[in-house]
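Peer 1: Task: produce atomic coordinates for the following.
(chains A and B)
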Amino acid sequence: MRSEVKDIIEKTLKKTAEYFKKDVDFALLPCEKEEFGDFYTNLSFKLADKENSPQKIAEIIKQKISPNLKGIIKKIETKNGFINFFINEDIYRDHILKIFQNGKEYLKENIGNGKKILIEFVSANPTGPLTIAHGRQAAYGESLSRILKFCNFDVTKEYYINDAGKQIELLGESLKARYYQLKGIKCEIPEEGYFGDYLIDIAKKIKEVKDDKNFFVEFAFNEILQDIKNDLKIFGVSFDSWVKESEFIKNKEVENVLNFLKNKNLIYEKDGSLWFKTTIFGDDKDRVVVKKDKSYTYLATDIAYHKYKIERGFEIIINIVGPDHHGYIPRLKASIASLGFAPENLIVLIVQLTTLYRGKEKLRMSTRKGQFITLRQLIDEIGPDATKFFFLFRKIDSHLDFDIEVAKKQSSENPVYYLQYAYVRLKHLIKYAKEKEYTLEGNQFSIDLLNNDEEIELMKKVWKFNDIISNVVKTYGVHLLAEYLLDISKLFHSYYQKYRIVSEEKELTYARLVLIKSLLVVFELSLNLLNISLPERM
RNA sequence: GCGCUUGUGGCUUAAAUGGAAAAAGCGCUGGCCUCCGGAGCCAGAGAAUCCGGGUUCAAUUCCCGGCAAGCGCACCA
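Peer 2: Numbering: from 1, shown residues only, chains lettered A, B, ... in the order given. Sure, this is the predicted structure:
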């Protein structure tokens, strides 16, 4: 396997470093340029001093390690002080044969070891439809979850519903106003309320007003939450668990956790409110948890919520949020630290905003004012797969400019179709081969016939899959997988154009079909991890 | 004013504890369909990585200082 090869080289290098009697950090990294080989190390730079140039040391190291790496390494070159390794191509051939035989199981990497992770994402307030920002978070959170699960983390996806507090009350009042306006009765939406047209549509659905002070709140809440769930379903995003903020108030968990903090002397009274000493955990100022009117702040219920996360035994807690929450992070870290959870195991991933353009026109968004393109509208316009891919293809820290016109206009040359087309081609090749009576079961294959440049390059790329995945896990950079898949698609399309896979030459055809099948495994898996659909035809 | 994030060809974006000549897509120029699906392929033009310093054998990457953009700085969520 891939990592074993790397390990052997690494260990051999380490031994050599000891010979030089220096304790240095060095890297073993993939080469950027083909001609440099597959891996290089900078060890010689680290060991160099006034007496010994990197070039000289590289040469010595090469001589020392060469005998130990026979079989794995085809040749070792030194150039400008770098030591370059060329992997024996049989390693690649063996790898694709294993994938051919064992499918995606062979690509699994046990990074997580069953560790329990909670991923909370989207968690949009049920006061309006999902926006583009939520869409980006949803696409990212879903894909990240899938990848972590594949790497043997025990993942739970959770959506936190803010159904308590001032915002939800304003929602109720806004709906009430819309309802009476429809009846021709003058009634103003509160200044801070929600002005979006969607509340008019919801108001139209009200047949009869029940005599309950929560009627409008509940009606709006239920309708909107239903819409949110529906949009997520269309987007292919699902949750294992839905948690309501109001529950923590109802079951006294907020009260309990505040008492707990009070006993630890972390709560004090000032100006008629209760304050939480977040400063002792590094926040810039203390924060109110119980307001003058005795109601809880968002932070108060959130502490209870995070206590609930911890109690369920999660070792890593990931919160995916928008950039408007960044100032909130120290408070949250303070909260969980005070509950005895290591703050570094709370990982807050901030997904930057997307700016929508329609050509030159920048589309400004405001949920409250009701001026926005919803996620649903975007999906309807350019399709769920293309939408997801646009989001996933960029790293989350980038402020994304998304031009709807471009996304639509280019739809046929959209990268996502390029990937899907590669998949369809692979699928079709297998089918075609079967029609030509090539059966893949129970055969011996001469895979050493896979020896042209394109085939070797493709096999190498397949070999790198595990590196990409572990990098994604390490950096939470889902976009790396999307990039990878685009690269490998390119290699494949090019290969396909140049060589005939299914031909009259039986042995060669079989060898190539092994490669095709292993590519298919990689594509199927990767598209699944990215949550992009696998079309049968296009 | 303070904080977080970002600044890479015309446009949208990559670049794994700092490493060799910065990589793709779109757009542009010129080619390729009697052949497993042309939603494809091949070739080409196009970048001193926002500016100024610093650390290093080596900086898109790290540090300091600017400039610009987005977002925050609530007893809202």
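Peer 1: Map the structural domains onto the sequence of chain A.
Peer 2: A:2-86, A:92-110+A:414-530 (automatic domain parsing).
Peer 1: among the ones you listed, which is nearest residue A:333?
Peer 2: domain A:92-110+A:414-530 (17.5 Å; C-beta to C-beta). Every C-beta, even on glycine, is put in place using the N, C-alpha and C of the backbone.
Peer 1: Now the terminal residues of that closest one, how far apart.
Peer 2: With C-alpha to C-alpha, to the nearest Å as the measure, domain A:92-110+A:414-530 spans 25 Å from end to end.
Peer 1: That domain near RNA strand B anywhere?
Peer 2: Yes: using C-beta under 7 Å from any atom of the strand, domain A:92-110+A:414-530 comes into contact with RNA strand B via A:415, A:417-418, A:421, A:424-425, A:428-429, A:432, A:464, A:467-468, A:471, A:475, A:477, A:479-480, A:483, A:486, A:490, A:493-494, A:496-503.
Peer 1: What average pLDDT does that domain get?
Peer 2: Domain A:92-110+A:414-530 shows a mean pLDDT of 93.
Peer 1: circling back to that earlier point, could you redo the domains of chain A as TSV and give each row distance to residue A:394 and mean neighbour count?
Peer 2: As requested, these are exported to TSV (distance: least, C-beta to C-beta, whole Å; neighbours: other C-beta atoms under 10 Å):
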stretch	distance to residue A:394	mean neighbour count
domain A:2-86	22	16
domain A:92-110+A:414-530	6	18
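Peer 1: Save these as a markdown table, and put in distance to residue A:249 too.
Peer 2: A markdown table is the format used below for those (distance: least, C-beta to C-beta, whole Å):
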| stretch | distance to residue A:249 |
| --- | --- |
| domain A:2-86 | 49 |
| domain A:92-110+A:414-530 | 32 |
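Peer 1: hmm, which helix or strand of chain A has the shakiest average pLDDT?
Peer 2: helix A:2-19 (a mean of 80; mean pLDDT, DSSP states H and E).
Peer 1: ok, now which ones touch residue A:309?
Peer 2: By C-beta atoms under 8 Å, 6 or more residues apart in numbering, the contact list for residue A:309 reads A:118, A:120, A:317.
Peer 1: Mind listing what's buried along the one helix or strand residue A:301 maps to?
Peer 2: In this assignment (DSSP states H and E), residue A:301 forms part of helix A:298-311. Buried residues in helix A:298-311, defined by neighbour count with 16 or more other C-beta atoms under 10 Å: A:298-307, A:309-310.
Peer 1: Within reach of RNA strand B, which of those are there?
Peer 2: Answer for the buried residues of helix A:298-311 near RNA strand B (C-beta under 7 Å from any atom of the strand): residue A:298.
Peer 1: about what we covered before: make CSV from the contacts of residue A:309 and add neighbour count, distance to RNA strand B and secondary structure to it.
Peer 2: Converted to CSV, those look like this (neighbours: other C-beta atoms under 10 Å; distance: C-beta to the nearest atom of the strand, whole Å; DSSP: H, G, I helix; E, B strand; the rest coil):
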residue, neighbour count, distance to RNA strand B, secondary structure
A:118, 24, 19, strand
A:120, 22, 13, strand
A:317, 22, 18, strand
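Peer 1: Distance to residue A:227 and pLDDT for the residues you listed - can I get that in TSV?
Peer 2: Below are the contacts of residue A:309 laid out as TSV (distance: C-beta to C-beta, whole Å; pLDDT from 0 to 100):
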residue	distance to residue A:227	pLDDT
A:118	25	97
A:120	20	98
A:317	28	97
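Peer 1: before we move on, the earlier item: farthest-apart pair in the buried residues of helix A:298-311, please.
Peer 2: A:298 and A:310 (18.5 Å).
Peer 1: circling back to that earlier point, how far does the helix holding residue A:301 sit from the chain's center?
Peer 2: 24 Å (C-alpha atoms, centre = their mean, to the nearest Å).
Peer 1: Rounded mean pLDDT for it, please.
Peer 2: pLDDT averaged over helix A:298-311 gives 97.
Peer 1: how about that helix as CSV, C-alpha atoms only?
Peer 2: The C-alpha trace of helix A:298-311 is given here as CSV (Å, rounded to 0.1, in the frame of the first residue of the first chain):
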residue,chain,number,x,y,z
TYR,A,298,-28.6,33.0,23.0
LEU,A,299,-25.4,32.2,24.7
ALA,A,300,-27.2,30.8,27.8
THR,A,301,-29.1,28.3,25.8
ASP,A,302,-26.1,27.6,23.7
ILE,A,303,-24.1,26.6,26.8
ALA,A,304,-26.8,24.1,27.6
TYR,A,305,-26.7,22.8,24.0
HIS,A,306,-23.0,22.3,24.1
LYS,A,307,-23.3,20.6,27.4
TYR,A,308,-25.7,18.2,25.7
LYS,A,309,-23.1,17.7,22.9
ILE,A,310,-20.5,16.8,25.4
GLU,A,311,-22.7,14.5,27.5
